[in-house]
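Asker: Predicted model and sequence below, questions to follow.
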Amino acid sequence: MKNTFSLLFFIKKSKADRTGRANIYLRITVNGQRAELSIRRKILVNFWNADSNLAKGNSKESQDINRYITTIKNKIYSIEQQYISNGKPITAVSLRDSYLGKDSNKKMLLEIFEDHNKKVNKLIGSDFALGTAERYRTAKKHVAEYILKEYRAQDILVKDIDHKFITGFEYYLKTERSCSHNTAIKYITNFKKIIRIAYANDWIDKDPFLHWKAKLRVVDREFLTEDEIQNIVEKELHTPRLDLVKDIFIFSCFTGLAYADVQKLSKNDIVIGIDGERWIKTKRTKTDTRSNIPILPIADAILKKYSEHSDIIDSDKILPILSNQKMNAYLKEIADLCKIPKNLTFHLARHTFATTVTLTNGVPIESVSKMLGHKSLKTTQHYAKILDRKVSDDMKTLKNKLSLKENLDEVI
């Protein structure tokens, strides 16, 4: 269907200044929809011809205004033809914005990124976790630093992002920022969302990520063995802060809860389950998925130990947890005291629950996935891949079956 399109130049007599001069405006109308702008010129009210949409007379001022109006008309007609040639939808607003230089071709990458991050920040706690917002902020910082280094600019037009920019950014993250492969891929994936926003809004004509494929490398996750867990449990620590950190770490080893989930754990999250025993039922901070975890005896003992702690006695919290940074720093001390050579972090407890505490002891992977609050069983399967002991046990079962079959064959 052909667009109806018109331009109208006019003045508002009622808004004339003290000298009798009024601003000249342009109204663009496309299919009955209007958009207006000031052409930044004034004229005496008596010198404006409302019928011709031009200035009256042959004075130099009138001639200059009329030439300027003709220039504006020609420019907007030219923009309209560009839209038609490119197959872009024409609206009064888009024509006005293109004329004013506010069209999509002027969209700057970091401005779009910042606008996205502000929206994410406002949705923390509902649609996004605090950690997710932080990763987007860090990703934007890395992109800004790369643009400054590679392009010597404070920002770049989003339409100038291409495959070369993406691969260059990946190389920059791995070399200048010393990011691991997986970390670099995650930052680029954050950046990719911004480009997808630009593409969805028609701010760019094609997706520069079309031929870029993200492929995370499988990483063997560290976890504690039964002996190492027992070593930590039995280790006498004469410093209250280390003893507290040890207990909460062990609590996580036997519940599989991440730091953020232990931190927000409240009395309302402890319920009586279908078996009549105490369970933890909570939503994961990271994914907003539900975790349903029967409380094992050692975890229950830790909860009871701190039930009268001064920091939580008048609080809804159930454990007096320190900051994640302090927890991890003190865990390094505990690892040294227990002579454990692994990089002991709070998140290692979650891996330990998935492997040593549950899967190794024959808990079905579906149940483990449910307790960990994983959205996909594939995520839980990463833990199952590294359980040599489970493979050994499964093979022993097979050997016993084969041995039994051989015995039966001899009898027959």
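Answerer: All right, it came through fine.
Asker: Taking the centroid of this structure, which residue is nearest it?
Answerer: In the chain, the centroid-proximal residue (Cα atoms, centre = their mean) is residue 132; its distance is 4.6 Å.
Asker: helix, strand or coil for residue 344?
Answerer: Secondary structure, DSSP: H, G, I helix; E, B strand; the rest coil: residue 344 is coil.
Asker: mind checking how far it is from residue 368?
Answerer: Taking Cβ to Cβ, to the nearest Å as the measure, residue 344 and residue 368 are separated by 22 Å. Backbone N, C-alpha and C define where each C-beta goes, glycine included.
Asker: was I right about residue 225 contacting residue 357?
Answerer: No. Using Cβ atoms under 8 Å, residue 225 and residue 357 do not qualify as a contacting pair, with a distance of 10.9 Å.
Asker: Which of those two has more residues huddled nearby?
Answerer: For residue 225 against residue 357, the residue with the higher neighbour count under other Cβ atoms under 10 Å is residue 357, and the figures read 22 against 15.
Asker: So that one is in contact with residue 251, correct?
Answerer: No. Shown here, residue 357 and residue 251 do not form a contact pair, counting by Cβ under 8 Å, at 11.8 Å.
Asker: Give me the neighbour count for residue 56.
Answerer: Quick note: residue 56 (other Cβ under 10 Å) scores 14 neighbours.
Asker: Oops, could you answer that again for residue 4 instead?
Answerer: Under the neighbour criterion other Cβ under 10 Å, residue 4 is assigned a count of 10.
Asker: Quick check: the gap between the nearest residue in space to it that is not next to it in sequence and residue 91.
Answerer: Taking Cβ to Cβ, 6 or more residues apart in numbering, and ignoring the residues beside it in sequence, residue 4 has residue 31 as its nearest neighbour in space, at 5.5 Å. Here residue 31 is placed at a distance of 8 Å from residue 91 (Cβ to Cβ).
Asker: The two: which has the busier surroundings?
Answerer: More neighbours sit around residue 91 than around the other of residue 31 and residue 91, counting by other Cβ under 10 Å; the figures are 16 against 12.
Asker: for the more buried one, phi and psi?
Answerer: Comment: the main-chain dihedrals of residue 91 come out as phi -130, psi 160, following degrees, to the nearest 10.
Asker: okay but it is in contact with residue 33, surely?
Answerer: Yes. Contact between residue 91 and residue 33 holds when scored by Cβ under 8 Å: they sit 6.4 Å apart.
Asker: joint contacts of these two?
Answerer: Common contacts of residue 91 and residue 33, defined by Cβ atoms under 8 Å, 6 or more residues apart in numbering, are absent altogether.
Asker: before we move on, back to that, secondary structure class for the residue nearest to the centre of the chain?
Answerer: For residue 132, the assignment made with three-state DSSP gives helix.
Asker: which element follows the longest helix along the chain toward the C-terminus?
Answerer: Secondary structure of the chain read by DSSP state H shows that its longest helix is helix 60-86. Toward the C-terminus, helix 60-86 is succeeded by helix 92-100 as the next helix or strand (DSSP states H and E).
Asker: Okay, buried residues for that next one please.
Answerer: Applying a neighbour-count criterion of 16 or more other Cβ atoms under 10 Å, the buried positions in helix 92-100 are 92, 94, 95, 96, 97, 98, 99.
Asker: Considering the residues you listed, which is situated nearest to residue 338?
Answerer: Distance from residue 338 was checked for each of the buried residues of helix 92-100 by Cβ to Cβ. The minimum falls on residue 97, at 64.3 Å.
Asker: any idea how far that closest one is from residue 91?
Answerer: Using Cβ to Cβ, one gets 9 Å for the distance from residue 97 to residue 91.
Asker: Over to residue 136?
Answerer: Look at residue 136 and residue 91: by Cβ to Cβ, they are 31 Å apart.
Asker: Who is residue 38 paired with across the strands?
Answerer: Here residue 38 sits in beta bridges with residue 25, as judged by DSSP bridges.
Asker: That one: how many residues sit nearby?
Answerer: Counted by other Cβ under 10 Å, the residues lying close to residue 38 total 10.
Asker: State the pLDDT value of it.
Answerer: As predicted, residue 38 sits at a pLDDT of 94.
Asker: same deal with residue 396?
Answerer: We note a pLDDT of 77 for residue 396 in this prediction.
Asker: Which strand or helix spans it?
Answerer: Counting by DSSP H and E, the secondary-structure element that holds residue 396 is helix 388-411.
Asker: Need the phi and psi values for residue 212.
Answerer: With angles defined as degrees, to the nearest 10, residue 212 shows backbone torsions of phi -110, psi 120.
Asker: ok, residue 293 touching residue 284?
Answerer: No. Applying Cβ under 8 Å, one finds residue 293 not in contact with residue 284, separated by 11.2 Å.
Asker: okay, these two: which has more neighbours?
Answerer: Taking other Cβ under 10 Å, residue 293 and residue 284 do not tie; residue 293 has more neighbours (22 against 18).
Asker: gap between the host helix or strand of that one and the chain center?
Answerer: Under the assignment given by DSSP H and E, the secondary-structure element containing residue 293 is strand 290-294. From the chain centre to the centre of strand 290-294 is a distance of 25 Å (Cα atoms, centre = their mean, to the nearest Å).
Asker: before we move on, back to that, so how far is residue 93 from the residue nearest to residue 4?
Answerer: Between residue 31 and residue 93 the computed distance is 12 Å (Cβ to Cβ).
Asker: which stretches of the stretch 251-400 of the chain form helices?
Answerer: 259-264, 297-305, 324-337, 346-352, 365-372, 377-384, 388-411 (DSSP state H, counting those that start in this stretch).
Asker: Tell me which residues touch the nearest residue to residue 353 once chain neighbours are set aside, please.
Answerer: In space, residue 353 comes closest to residue 256 once its chain neighbours are excluded; the distance is 3.6 Å by Cβ to Cβ, 6+ apart. Residue 256 makes contact with 291, 293, 349, 350, 353, 354, 357, 358, 368, 371, 372, according to Cβ under 8 Å, 6+ apart.
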